[in-house]
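*Asks:* here's a sequence, model it:
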Amino acid sequence: MAKPAKTKKAGRPQAAKKTGRSGGLTPRQKQILRFVAQGMTNREIASQLAISVRTVEVHRFNLMRRLKVRNVAQLLRQALLHGLLPKNFALR
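*Replies:* Alright, predicted model coming up:
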């Protein structure tokens, strides 16, 4: 006897809710942002996370778009304002 086919809702899967001070960033985006704050290059981040450089570039692009910034200085400033980085991260 064959099992009935499961129906699937049409459309895209629901994204994680954007809550809290993080601006709805994914855990991976937060991780990338912390590496950027440490001054790591895309290649270094990719090597550390065992992902491609292109994937890191996409994460950085998405971070900048989501936080509405145009350069790394603004990205880090927004990260601080959103509580994504410790206040003393520059002193490390």
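
*Asks:* from here on, just use CA atoms for contacts and neighbour counts.
*Replies:* Will do.

*Asks:* quick one, longest helix in this structure?
*Replies:* helix 53-67 (DSSP state H).

*Asks:* can you tell me what sits against the lowest-mean-pLDDT helix or strand in the chain?
*Replies:* Every helix and strand in the chain was compared by mean pLDDT, DSSP states H and E; the lowest is helix 72-81, with a mean of 86. Here helix 72-81 makes contact (CA atoms under 8 Å, 6 or more residues apart in numbering) with 33, 37, 63-64, 67, 69, 85-87.

*Asks:* ok, back up a step: show me what the longest helix of the chain is packed up against.
*Replies:* If you count contacts as 3 or more CA pairs under 8 Å, 6 or more residues apart in numbering; DSSP states H and E, helix 53-67 packs onto helix 27-37, helix 42-49, helix 72-81.

*Asks:* just want the angle from the last one to helix 27-37.
*Replies:* Between helix 72-81 and helix 27-37, the angle formed by their directions is 120 degrees, by axes from the mean of the first three to the mean of the last three CA atoms, to 10 degrees.

*Asks:* what's the pLDDT at Arg28?
*Replies:* Note on Arg28: pLDDT of 91.

*Asks:* measure it to Arg70 for me?
*Replies:* Distance of Arg28 to Arg70, given as CA to CA, to the nearest Å: 20 Å.

*Asks:* name the SS class of Leu25, please.
*Replies:* The three-state assignment at Leu25 reads coil, by DSSP: H, G, I helix; E, B strand; the rest coil.

*Asks:* what's the burial count for it?
*Replies:* Counted with other CA atoms under 10 Å, the neighbours of Leu25 add up to 21.
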